[in-house]
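Peer 1: What follows is a predicted protein model with its sequence.
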Amino acid sequence: MACFRHIWLGLILFVAGGLGAAAAGETVPGQSDPAFVDSVAAWLDGPEEDALPALAELARADNAAAQLLLALIDKTPALQGPWLARLPRSERVALMRADGGLSGASWVHAAAGQSAHAALWQRLWRADAPASLGLDFARAGEVRAAREAFIYAALREAGGLGELVSDPDFPAAVRFLAHPDGAEVDAGALHPGDPQRRALGAGIEAAHLGDWLATAPEALPARALCEARCSDDVAACTLAATGALGSHPALLMLGSPSEALIDPERFARSARGQTSFLRRAILSTDARGRQHLIKRLQVEDACFAEQVVSEIERFRAQPVPRSE
């Protein structure tokens, strides 16, 4: 029996070691590594040409947190700055992706091998992801990603939202998505300025919308940008900024790429968080539509319009990197 117990103990230790167990307090292995912490800080408030190579080096060294963050940046255009956007394709693939195939492989697969948390995104990016995945994100503390998962499920008409909405972990900010799936969603129970009311056939007064934008957690990315750059009239800026996104779901999907890796408040108030908001607004329309967007914003809030123009110019002015 003693020998049998030793065999089982050895198997348990082998399996735990093979899974790359996170250090105490870690959600994703490697997130407390000082090199990863420094790389995140550099990416949030410094040039991506310094931060991304550092993250790539960590990813190649099997840091799951770096692998997950690189995969999220690679998947999300709004998180990408002008330096990365202008990299030649071969250099970009080598920097942002693991080896494999003609275009490399997303680092999310390597991260998922070490972390059940990272595996949530691996599942999200599959065409057959079930609507219930949104609850898994919510229970993992990834509120923004949970909203994104439910929005994707609704767009794919995956079904099941009408049954899931009664779960206590279902995010209140996306309850409107369950209405087309047959669920009864009480518009009267929502904040009178909550944009969900529009999807439920209820009206919203401008003053009420302003009140909602001033306090709702989902509007933090817009408020943080406006407080930092257009502090003379944060309310007008926030209203213009959210309108520039083109849709309410676009606002709901903005925020920290992973709340386990980067605190939402920290991300929203960082330079990267602010440029990601502007980039998402710019990407909401084509080049011709951007001219109309800017003209409209100049009427709604001149300061925010200036931020959008500045971000467009930042991408135009960036020189094309040259291969050595």
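Peer 2: Nice, I can see it.
Peer 1: what's the span of stretch 210-229 from first residue to last?
Peer 2: 18 Å (C-alpha to C-alpha, to the nearest Å).
Peer 1: Just the buried positions in it, please.
Peer 2: Within stretch 210-229, the residues scored as buried using 16 or more other C-beta atoms under 10 Å are 211-213, 216, 218-226, 228-229. Bear in mind the C-beta positions are built from the backbone N, C-alpha and C, glycine included.
Peer 1: who's in contact with that stretch?
Peer 2: With C-beta atoms under 8 Å, 6 or more residues apart in numbering as the test, stretch 210-229 has contacts from 143, 147, 173, 191-195, 234-235, 237-239, 241-242, 251-252, 254-255, 264-265, 268-269, 273-274, 276-278, 303-304, 307.
Peer 1: again, only this time at 7 Å
Peer 2: Stretch 210-229 is touched from outside by 173, 191, 193-194, 234-235, 237-239, 241-242, 251-252, 254-255, 264, 268-269, 273-274, 277, 303-304, 307, with contacts defined as C-beta atoms under 7 Å, 6 or more residues apart in numbering.
Peer 1: coming back round to it: what about the buried residues of stretch 210-229, which are in helices?
Peer 2: 211-213, 220-226, 228-229 (DSSP state H).
Peer 1: List the contacts of the closest residue to residue 105 other than its chain neighbours.
Peer 2: In space, and not counting its chain neighbours, residue 105 is closest to residue 98: 4.7 Å by C-beta to C-beta, 6 or more residues apart in numbering. Contact analysis of residue 98 by C-beta under 7 Å, 6+ apart lists 104-105, 107, 110.
Peer 1: Torsion angles phi and psi at residue 98?
Peer 2: The phi/psi pair for residue 98 (degrees, to the nearest 10) reads phi -80, psi 160.
Peer 1: how close does residue 166 sit to residue 185?
Peer 2: Remark: distance between residue 166 and residue 185 (C-beta to C-beta, to the nearest Å) = 11 Å.
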